[in-house]
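[1] Pasted the sequence and its predicted model underneath.
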Amino acid sequence: MATGKALYTTKELKTLVMSAVFAAATAVSAAEPVKVGNPGFMYSVPGSFLTVGRCEKGKYMFNTYPGLWVRNVSTCWRENFCRLVPSVDGKDIEVTECVMRDGWLEARTAKGSIEFAYARPDVVLVRSKSPEMHIRFEYQFPRQKYDFPSTFGRTVDYMHFNADRILMDTRTGVRDPDQGNTVHVHPSKDGIEVALLDVHTGDWDGAEVKGTFEAAVATQKASFEKMYASLPSVPEEFEWARHEAAVLFWTAIAGPRGMFKRPMMLMSNNWMNKTWSWDHAINSLSLGYRDQDAAWEQFRCMFDFMSPEGMMPDMVSDEQIFWLAVKPPVHGWIFSKLRAMKEFPKDRLETAYALIGKWTEWWLTCRDFDRNGLAEYLDGCDSGWDNSTAICMNRPPLETPDLQAFLILQMECLADIAKTIGKDGEASQWTARSRKMLDATVKTLFDEDGAPRVRRLRDGGFDRDSLSLVTRLPLILGKRLPEKCRARMISDIKEKGFITEWGLASESVNSKHYHPDGYWKGPIWGPSTLIAVEGLRACGADALADEISLKFCKLIMKSGFSENFDAKTGEARRDPAYTWTASAFLVLAHELSSGGR
């Protein structure tokens, strides 16, 4: 077909319109195509909610059946939705691997390949050049079977699937209601070519999908190359991981839709297909070195959902907002780092000042129940460390030193912005409030030896024996803290079982509560490592910061961008492809290459 001719029209389109599917992937070197399958990546493009990839039986959540799957990451339809099963001579053949090439995906079998490319974010083109290969589309909701030949421009059929009904307009198709919820597509002499449409609301309007498969590939290749070039430089030995981070980011950006008012980088295209209200800020940090506009969009995105009182939701998806918890106020610290990379224009500074200020006032007003000038967590999820022993074993509400540290830095950030935009009086007020909280934090949440501790509101007692890394994150305050406090936390990190071959355990490996797959009770996480390293640098412990950064970067080279990792073995844990893990890697690796600055 000539370039520019409508590839699919109302008359010619074979369209499977669908919602929801699951996929996973892994990667090879930056010079090689990315293998998609196990674990991690799934194929998609920026703006799309459709993903494609291969999964193995029993691997990760929702993978009930092995094979090649299409999924929609919208939380409206989360289950594995459609499995593509190739066959030759009436026998099913296995998809052995998926390879993500520049702008398209190849699903390989012993009898040929199935190829995928995005004509636009809501349209995936699917083709096979084999005249022998049939493809069976198996849906996971009760529907009728339609059996029809696939040819190029010689039939008049299209199909529209959604959650409520099936519409089919065909002059050649054979309907067989007794055969279940499948669609059989048979090859012509040229193979198979169909389009998968994601119709979010309403009906497909019959709009043409213009261009060829090759044109779609060229468009997406250019899109990926732009993403790859926008990421910060890293030492040469970690360039492979930088490339894979670009792939992960490129596939995880959902477009404006439903609740989303702007492009939103999801945490994952697997089951963590939402955005949390500190994860987004971590992701913005890695984008800020070379693409301030993209960094601003990701930093700004969760503020779209702020309540009138200034509360940020725990997490959002395109269909849901979750208000049962919040996340820690890391935003001032991160925005200050973004400003250090490149100053924002005045209008964005003013917007950030208003939003961060409202968020800060919410903490100071609504989360200081005893009015002693220190804020509290009401739940482990509020801290971001859902099941941390420092939080959950002390029965919230709790005053913790990490929360105060974030708020102190956030008020300093506000003071600096206020001064820059000509609000000197407000700058002085924020500075005074920050110093007052710092004094109260040192007095209340560190003991006489400089050890951090957690205060319980229910009885006024303290827990100073925690072996959770979260209580050492106040290092981020650097030399604002007394020397004895800094020295004690650095000593704890060095000597109390936090440092392993692979990085910083979230719970000391010497703790009786340590668990290798205990979520925040042991595994290594990217954000906690990033914050701790930042704190060590702020305290002048650059050699230790470099050591931990290097360990984490090597961990990524070994195990990819999983949600977290076994602290002792480095084995990947939980969601296999997590964007904030990639962001933490990019920042740590870049700062290694630039001397930690």
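    Perfect, I can see it now. Predicted model, so just to flag it, every value in this text is computed and none were measured. Numbering: from 1, shown residues only.

[2] If you count contacts, what does the helix or strand harbouring Ala584 end up packed against?
    Following DSSP states H and E, one finds Ala584 within helix 579-593. Packing contacts for helix 579-593, counted by 3 or more Cβ pairs under 8 Å, 6 or more residues apart in numbering; DSSP states H and E, involve helix 239-251, helix 279-287, helix 526-538, helix 542-559. In short, each C-beta sits where N, CA and C put it, glycine included.

[3] tell me the angle that helix makes with helix 239-251.
    With axes from the mean of the first three to the mean of the last three Cα atoms, to 10 degrees defining the directions, helix 579-593 sits at 140 degrees from helix 239-251.

[4] residues of helix 579-593 that come out buried?
    579-592 (16 or more other Cβ atoms under 10 Å).

[5] Make CSV out of those residues and add pLDDT and distance to Phe344.
    Output for the buried residues of helix 579-593, formatted as CSV (pLDDT from 0 to 100; distance: Cβ to Cβ, whole Å):
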residue, pLDDT, distance to Phe344
Thr579, 96, 23
Trp580, 96, 22
Thr581, 97, 26
Ala582, 97, 24
Ser583, 98, 19
Ala584, 98, 23
Phe585, 98, 25
Leu586, 98, 20
Val587, 98, 18
Leu588, 98, 24
Ala589, 97, 24
His590, 97, 20
Glu591, 94, 21
Leu592, 91, 26
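
[6] Turn those into TSV, columns for distance to Asp566.
    Shown next, in TSV, are the buried residues of helix 579-593 (distance: Cβ to Cβ, whole Å):
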residue	distance to Asp566
Thr579	20
Trp580	18
Thr581	14
Ala582	19
Ser583	21
Ala584	17
Phe585	17
Leu586	22
Val587	22
Leu588	19
Ala589	21
His590	26
Glu591	25
Leu592	23
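
[7] What are the structural domain limits within this protein?
    Using automatic domain parsing, the domain ranges for the chain come out as 13-201, 224-593.

[8] list the contacts for Asp318?
    By Cβ atoms under 8 Å, 6 or more residues apart in numbering, the contact list for Asp318 reads Phe49, Ser74, Thr75, Cys76, Ala254, Arg257, Gly258, Met259, Phe260, Met264.

[9] The same query, at a cut-off of 7 Å, please.
    By Cβ atoms under 7 Å, 6 or more residues apart in numbering, the residues touching Asp318 are Ser74, Thr75, Ala254, Arg257, Gly258, Met259, Phe260.

[10] What are the phi and psi values at it?
    Torsion angles at Asp318 (phi, psi; degrees, to the nearest 10) stand at phi -70, psi -10.

[11] Repeat that for Ile114.
    phi -110, psi 130.

[12] residues contacting it?
    By Cβ under 7 Å, 6+ apart, Ile114 lies in contact with Leu84, Pro86, Ala107, Val126, Ser128, Ile135.

[13] can you give me the strands in the stretch 51-200 of the chain?
    Under the criterion DSSP state E, counting those that start in this stretch, the stretch 51-200 of the chain contains strands at 67-72, 82-88, 91-92, 97-101, 104-109, 112-120, 123-128, 134-139, 145-149, 158-161, 166-169, 174-176, 182-186, 192-197.

[14] Just checking: what are the partner strands of the last one?
    If I follow you right, that is strand 192-197. Partner strands and pairing direction for strand 192-197 (DSSP bridges) are strand 15-17 (parallel), strand 123-128 (antiparallel).

[15] if we can go back for a sec, go through the strands of the stretch 51-200 of the chain and name the closest to Glu507.
    strand 67-72 (33.2 Å; Cβ to Cβ).

[16] Averaged pLDDT, the closest one. What do you get?
    Mean pLDDT, strand 67-72: 84.

[17] quick one: that strand to strand 112-120, angle?
    Comparing the axes of strand 67-72 and strand 112-120 via the same axes, to 10 degrees yields an angle of 10 degrees.

[18] Strand 67-72 packs against which elements?
    In terms of contacts (3 or more Cβ pairs under 7 Å, 6 or more residues apart in numbering; DSSP states H and E), strand 67-72 is packed against strand 50-55, strand 82-88.

[19] Ala222: neighbour count?
    Counted by other Cβ atoms under 10 Å, the residues lying close to Ala222 total 11.

[20] ok, and the closest non-adjacent residue to it?
    Once flanking residues are discounted, Ala222 sits nearest to Gly103: 7.9 Å by Cβ to Cβ, 6 or more residues apart in numbering.

[21] For that neighbour, which residues are in contact?
    With contact set as Cβ under 7 Å, 6+ apart, Gly103 has these partners: Ala117, Val217, Ala218, Gln220, Lys221, Phe224.

[22] Can you tell me which of these has the most neighbours?
    Most neighbours among the contacts of Gly103, by other Cβ under 10 Å: Ala117, with 26 neighbours.

[23] if we can go back for a sec, mean pLDDT lowest where, among the strands of the stretch 51-200 of the chain?
    Here the lowest mean pLDDT among the strands of the stretch 51-200 of the chain goes to strand 166-169, at a mean of 30.

[24] Helices along the stretch 401-550 of the chain, start to end?
    Along the stretch 401-550 of the chain, counting by DSSP state H, counting those that start in this stretch, helices occupy 401-420, 424-445, 483-495, 526-538, 542-559.

[25] what's the closest of those to Leu473?
    Once the helices of the stretch 401-550 of the chain are compared by Cβ to Cβ, helix 401-420 is nearest, at 4.2 Å.

[26] Output the closest one as PDB, restricted to C-alpha atoms.
    Taking C-alpha atoms only, helix 401-420 is exported to PDB below (Å, rounded to 0.1, in the frame of the first residue of the first chain):
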ATOM      1  CA  PRO A 401      11.600  12.900  62.200                       C
ATOM      2  CA  ASP A 402      11.300  12.200  58.500                       C
ATOM      3  CA  LEU A 403       8.000  14.000  58.100                       C
ATOM      4  CA  GLN A 404       9.300  17.100  59.900                       C
ATOM      5  CA  ALA A 405      12.400  17.100  57.800                       C
ATOM      6  CA  PHE A 406      10.400  17.200  54.600                       C
ATOM      7  CA  LEU A 407       8.200  20.000  55.900                       C
ATOM      8  CA  ILE A 408      11.200  22.000  57.100                       C
ATOM      9  CA  LEU A 409      12.700  21.800  53.600                       C
ATOM     10  CA  GLN A 410       9.300  22.500  52.000                       C
ATOM     11  CA  MET A 411       9.000  25.700  54.000                       C
ATOM     12  CA  GLU A 412      12.500  26.700  53.000                       C
ATOM     13  CA  CYS A 413      11.600  26.100  49.400                       C
ATOM     14  CA  LEU A 414       8.500  28.400  49.800                       C
ATOM     15  CA  ALA A 415      10.600  31.100  51.400                       C
ATOM     16  CA  ASP A 416      13.100  31.000  48.500                       C
ATOM     17  CA  ILE A 417      10.300  31.100  45.900                       C
ATOM     18  CA  ALA A 418       8.600  33.900  47.800                       C
ATOM     19  CA  LYS A 419      11.700  36.000  47.800                       C
ATOM     20  CA  THR A 420      12.300  35.300  44.100                       C
END
